[in-house]
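> have a look; sequence and predicted model below, questions after that.
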Amino acid sequence: MFLKNLYSKLSLTIIVLLGSLNLHAQDPRFSQFYNAPLSINPALTGVFDGEYRIAGAYRNQWNSVLGNKAFQTYGFSGDYRYNVTDNDYIGIGGQLINEKSGQCDLNRFQANLSGSFIKQVGGSRYGTNDQYLVAGLQMGMGQYSTDWGGYWFQRQFNETNLSVNPNESSGENGKARSNLYLDFNAGLLWYMVFDDRSSVYAGGSMMHINTPKVSFFGENNEGNSLYRRWLGHAGGEFLITEYLSLLPSVYVMSQGPSFETVVGSHIRYSNNDWQELSIRAGGWARINNRLGGQGLESIIASLTFEFDRWNFGLSYDINASKLQTATNSRGAFEATAVYIAKENKRYRVKCPTF
């Protein structure tokens, strides 16, 4: 059993190390994607029930195997909505994402600016069944960096005593930082709000439209291209009782050879008071095609607290993939916080609950 566990952990470490050099890899993702809106669709810029929104997220994955070299992702965004006509709005926002992964400290930094146009396309005179169509664009800059001292290569491996000599030259001449790259993203969103507790939405986005090139070796016109990322998402809120509602959601993502689906739901309790207190509890299943074949990668358990204009979320990914033996089923911890400032009642736009 000891040898089996040692082999499993060694296998996972090798997979992580090899993957850290692959610049075609999947983009950073958050299990609480509903609390990191600008990371999945630029059309979500300005789509919230308030004047402006500030959101932050932190994710820690593979800590059980890699310790302080675990994959860590930080995300921060802010967006603002401005009224241009009685029923139409413009959203503007910005986003920062930083991800550090693996023994070699492969770091990815991304900064984006977002803009959206929110158009009301339907509704009744009684203020119900309001429909909106949103188009969003995003432009940003990104860069990778790494610690080359953390890697070893074949010529540094001594086959006689089966050891690695870090003092031996690797023959590689990589830079500590990649070239800066320009990135373009776009998305669409449709939603309908029936009343304050009932809504539906559906949208889609395409990231890395220009397939920017990233390299630690070549110049700006050389290197590996980031795969385009296609993502579709949908969900809503459906009232069950006066105090309970169901918030199902799903997103489907494809990026190069990677394909992933996350589907699940929250159950939301609200006291319906003027100083609203709400609690959400739920779970999601993440299904993808990693490590050979389509299968269940993890089960996501989530708990969210809403108080007045604040939203605090906690989640944990329970590993259900072929790596569950090496990780003891431990996956990723995530924490999010969102603040939405009170809106100007004169120009209030109705938005779905995510």
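Here it is on my side, so go on. Residues are numbered from 1 along each chain as shown.
> and Gly236, what does it touch?
Contact analysis of Gly236 by C-beta atoms under 8 Å, 6 or more residues apart in numbering lists 198-201, 247-249, 352. No exception for glycine: its C-beta is placed from N, CA and C like everyone else's.
> which of those residues has the largest number of neighbours?
The residue in these with the most neighbours, by other C-beta atoms under 10 Å, is Tyr201 (23 neighbours).
> can you tell me the helix or strand for it?
Using DSSP states H and E, Tyr201 falls within strand 198-207.
> quick check, distance from the helix or strand following that strand to the centre of its chain.
For strand 198-207, the following helix or strand on the C-terminal side (DSSP H and E) is strand 213-214. Centroid separation for strand 213-214 versus its chain: 21 Å, with C-alpha atoms, centre = their mean, to the nearest Å.
> circling back to that earlier point, any chance of the contacts of Gly236 in CSV, with distance to Ser302 too?
Formatted as CSV, the contacts of Gly236 follow (distance: C-beta to C-beta, whole Å):
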residue, distance to Ser302
Ser198, 21
Ser199, 19
Val200, 20
Tyr201, 19
Leu247, 11
Pro248, 13
Ser249, 11
Pro352, 18
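> can you tell me which of these is nearest Ser39?
Distance to Ser39, by C-beta to C-beta, is smallest for Ser249 among these, at 14.7 Å.
> so, low pLDDT: which residues of the stretch 51-200 of the chain?
Applying pLDDT under 70 to the stretch 51-200 of the chain picks out residues 64-67, 102-104, 124-127, 148-174.
> the strand holding Tyr201 - contacts with which helices or strands?
If you count contacts as 3 or more C-beta pairs under 8 Å, 6 or more residues apart in numbering; DSSP states H and E, strand 198-207 packs onto strand 181-195, strand 229-239.
> a markdown table for those, including distance to Ala337?
As requested, the helices and strands packed on strand 198-207 are arranged in a markdown table below (distance: least, C-beta to C-beta, whole Å):
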| stretch | distance to Ala337 |
| --- | --- |
| strand 181-195 | 23 |
| strand 229-239 | 21 |
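> need the max-distance pair from the contacts of Gly236.
With C-beta to C-beta as the measure, no two of those lie farther apart than Ser198 and Ser249, at 14.9 Å.
> pull up the pairing partners for the strand holding Tyr201, direction included.
Partners of strand 198-207 in the sheet, by DSSP bridges, are strand 181-195 (antiparallel), strand 229-239 (antiparallel).
> and of those, who's closest to Gly256?
strand 229-239 (8.4 Å).
> chain center to the closest one: distance?
With C-alpha atoms, centre = their mean, you get 14 Å for strand 229-239.
> again, but for stretch 80-95
Relative to its chain's centre, stretch 80-95 lies at 23 Å (C-alpha atoms, centre = their mean).
> residues in contact with it: which ones?
For stretch 80-95, the external contacting residues (C-beta under 8 Å, 6+ apart) are 38-39, 45-48, 50-53, 75-79, 110-120, 134, 136, 138, 140, 344, 347, 349.
> out of these, list just those in helices.
Nothing among the contacts of stretch 80-95 maps onto helices, per DSSP state H.
> ChimeraX command to pick out the buried ones of those?
This is the ChimeraX syntax for the buried subset of those, where burial follows 16 or more other C-beta atoms under 10 Å:
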select :38,39,45,46,47,48,50,52,53,75,76,77,78,79,110,112,113,114,115,116,117,118,120,134,136,138,140,349
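> could you list which of the contacts of stretch 80-95 belong to strands?
When DSSP state E defines the strands, the subset of these inside them is 52-53, 75-79, 110-120, 134, 136, 138, 140.
> about what we covered before: now for the strands paired with strand 198-207, which one comes closest to Ser31?
Ser31 sits nearest to strand 229-239 of all the strands paired with strand 198-207, at 13.7 Å, using C-beta to C-beta.
> tell me the mean pLDDT over the closest one?
Taken as a whole, strand 229-239 carries a mean pLDDT of 96.
> contacting residues around the helix or strand just after it?
For strand 229-239, the following helix or strand on the C-terminal side (DSSP H and E) is strand 244-255. Outside strand 244-255, the residues within contact range by C-beta under 8 Å, 6+ apart are 26-27, 29, 33-34, 40, 197-198, 227-240, 259-270, 280, 282, 353-354.
> what number of residues lie near Thr241?
Applying other C-beta under 10 Å, I find that Thr241 has 7 neighbouring residues.
> ditto for Tyr144
When neighbours are counted by other C-beta under 10 Å, Tyr144 registers 22.
> that one belongs to a strand?
Yes - assigned with DSSP: H, G, I helix; E, B strand; the rest coil, Tyr144 falls within a strand.
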